[in-house]
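A.B. asks: Starting from these lines, generate the structure:
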Amino acid sequence: MSYDGAVEKREDPPQPPAGNGGGTGNGMVMASAPGAGTGGTVVVRGPTLLERHLPPSMLEVPRDAKIQFMKEILARYLPEGERTRVQKHREYRNRILTAYQPLHEELYNSHPSAFLVPSFIKAVSEKTEESLRSIMSEPSPGVYIFSMLQPRFCELLLSEVENFERWVREVKFKIMRPNTMNKYGAVLDDFGLEKMLDKLMEEFICPISRVFFSEVGGSSLDSHHGFVVEYGKDKDIDLGFHVDDSEVTLNVCLGKQFSGGDLYFRGVRCDKHVNAESQPEEVLDYAHIPGQAVLHKGRHRHGARATTSGHRINLLLWCRSSVFREMRKYQKDFSSWCGECQREKKDRQRQSVATTKLAFLRREGESTA
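C.D. replies: This is a model prediction of the structure:
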């Protein structure tokens, strides 16, 4: 397997100190996002889920108000340490939102479809596997590549991130790292882009995930962590071998001019098999193209090679399912999505067939003796 050392798990970084605003058990690092617990946005979907429990007075209020109401209710039942983390992160985010002046209001107020290429919008709207595959390639099992973002959006978001980072330097505000492995970048949810990214996940990533990732919670995605990461001189250079703290990961290159930085994928694994060898069909190297998206399972082991020149910035959206995470606590068989579990299951089946066949032949021999 072509990587150095054990796989890591990319997770949320620790909370910043309250005063300044500012891996798995198998040796693998999991990259994870800022905020409490699993981080991200709590999403209340239609009346078939949490909304059925709302009081009558809340049924006709705007969706955002419903989300906030349910967040506050759920927060009451968190352990004390978790409640403290939630409160600190809320205060941290509020400090940013009340002080930072956005540069491009259209990023915050427009529907995500305004920034997407027409072929992608059309394929998702048709809601069929055939329509989705018509715009995608799948160079390795479970890794989907497709054109997604218009150049204009990439330019606007790059400009907004630069403006935010300039503001951070000017006011000397200490911000959270995007995750536990990347030192450079910014959490988009923290400075006002949470709602736009929520809509992007709900209306575009969820329909795709229901088709291609149902075995890992793709049918029940209900929260996200959105951020950008930066690579190049005086930034992160590469990214070690890891899995994401997500069920489904969207990774889109925004630009700029750069060389290197290829992604490498090495198969999907559960915690038990996270450091198992890769099979030839699982090995994939991918060169970034601005505006082009890569969609894969969070448990798909991957890393990024060194960016040898220039400056590369990528948008990432970690999509999560609280239902899948809760169910996984009680599961022992992950052969529906772990490549190594699948191989072990097939080996057991072959051994069982061979044993049964041998026993049958012995009985046949005894009956004719």
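A.B. asks: For the rest of this, base every contact and every neighbour count on C-alpha atoms.
C.D. replies: Fine.
A.B. asks: Quick check, H225 in contact with C319.
C.D. replies: Yes - using Cα atoms under 8 Å, H225 makes contact with C319 at a distance of 6.8 Å.
A.B. asks: which residues are common contacts for these two?
C.D. replies: Where contact means Cα atoms under 8 Å, 6 or more residues apart in numbering, no residue is in contact with each of H225 and C319.
A.B. asks: what's the neighbour count on the closest residue to H300 other than its chain neighbours?
C.D. replies: Leaving out its chain neighbours, the residue that sits closest to H300 by Cα to Cα, 6 or more residues apart in numbering is V268, at 4.1 Å. Using other Cα atoms under 10 Å, V268 has 25 other residues around it.
A.B. asks: didn't V268 look like it was pressed against K297?
C.D. replies: Yes - contact criterion Cα under 8 Å: V268 and K297 qualify, at 7.5 Å.
A.B. asks: how about the closest residue to S119 other than its chain neighbours, what does it touch?
C.D. replies: Take S119 and drop its neighbours on the chain: the residue closest to it by Cα to Cα, 6+ apart is I135, 7.1 Å away. By Cα under 8 Å, 6+ apart, the residues touching I135 are 119-120, 123, 146-147.
A.B. asks: and if you look at L188?
C.D. replies: 194, 226-228.
A.B. asks: between the residues you listed, which is nearest E106?
C.D. replies: Using Cα to Cα, the shortest approach to E106 within the contacts of L188 belongs to E194, at 13.7 Å.
A.B. asks: What does that closest one show for phi and psi?
C.D. replies: Reported as degrees, to the nearest 10, the phi and psi values for E194 are phi -60, psi -50.
A.B. asks: what's the burial count for it?
C.D. replies: If you count neighbours by other Cα under 10 Å, E194 ends up with 20.
A.B. asks: shift numbering so it begins at 588
C.D. replies: Okay, residue one is now 588; in that scheme the one you just asked about reads as E781.
A.B. asks: State the distance from the closest residue to it other than its chain neighbours to F911.
C.D. replies: Distances taken as Cα to Cα, 6+ apart put L775 closest to E781, at 6.8 Å, once the chain neighbours are dropped. Note on L775: its distance to F911, by Cα to Cα, to the nearest Å, is 25 Å.
A.B. asks: For the stretch 638-787 of the chain, give me the ranges with low pLDDT.
C.D. replies: For the stretch 638-787 of the chain, applying pLDDT under 70 flags the ranges 638.
A.B. asks: Point to the residue nearest the middle of this protein.
C.D. replies: W905 (2.2 Å; Cα atoms, centre = their mean).
A.B. asks: Would you agree it falls within a strand?
C.D. replies: Yes - looking at W905 with DSSP: H, G, I helix; E, B strand; the rest coil, it is inside a strand.
A.B. asks: L837 is in contact with that one, correct?
C.D. replies: Yes - counting by Cα under 8 Å, L837 is a contact partner of W905 at 6.5 Å.
A.B. asks: what about the strands in the stretch 638-787 of the chain?
C.D. replies: Using DSSP state E, counting those that start in this stretch, the strands of the stretch 638-787 of the chain run over 724-727, 730-734, 772-774.
A.B. asks: closest one to N901 among these?
C.D. replies: Nearest to N901 among these is strand 772-774 (9.1 Å), distances taken as Cα to Cα.
A.B. asks: so what does the closest one touch, helix or strand wise?
C.D. replies: Counting by 3 or more Cα pairs under 8 Å, 6 or more residues apart in numbering; DSSP states H and E, the packing neighbours recorded for strand 772-774 are strand 810-819.
A.B. asks: And the next helix or strand past the strand it packs on?
C.D. replies: Counting by DSSP states H and E, the next helix or strand C-terminal to strand 810-819 is strand 826-831.
A.B. asks: Now the element after that next one, going C-ward?
C.D. replies: Using DSSP H and E, the first helix or strand after strand 826-831 is strand 835-842.
A.B. asks: Contacts for that following strand, please.
C.D. replies: Contacts of strand 835-842 (Cα under 8 Å, 6+ apart): 741-742, 745, 796, 800, 805, 875-885, 898-907.
A.B. asks: 7 Å instead, please
C.D. replies: Identification of contacts with strand 835-842 by Cα atoms under 7 Å, 6 or more residues apart in numbering yields 741, 875-885, 899-907.
A.B. asks: which of the residues you listed count as buried?
C.D. replies: Among the contacts of strand 835-842, those scoring as buried are 741, 875, 877-885, 899-907 (criterion: 16 or more other Cα atoms under 10 Å).
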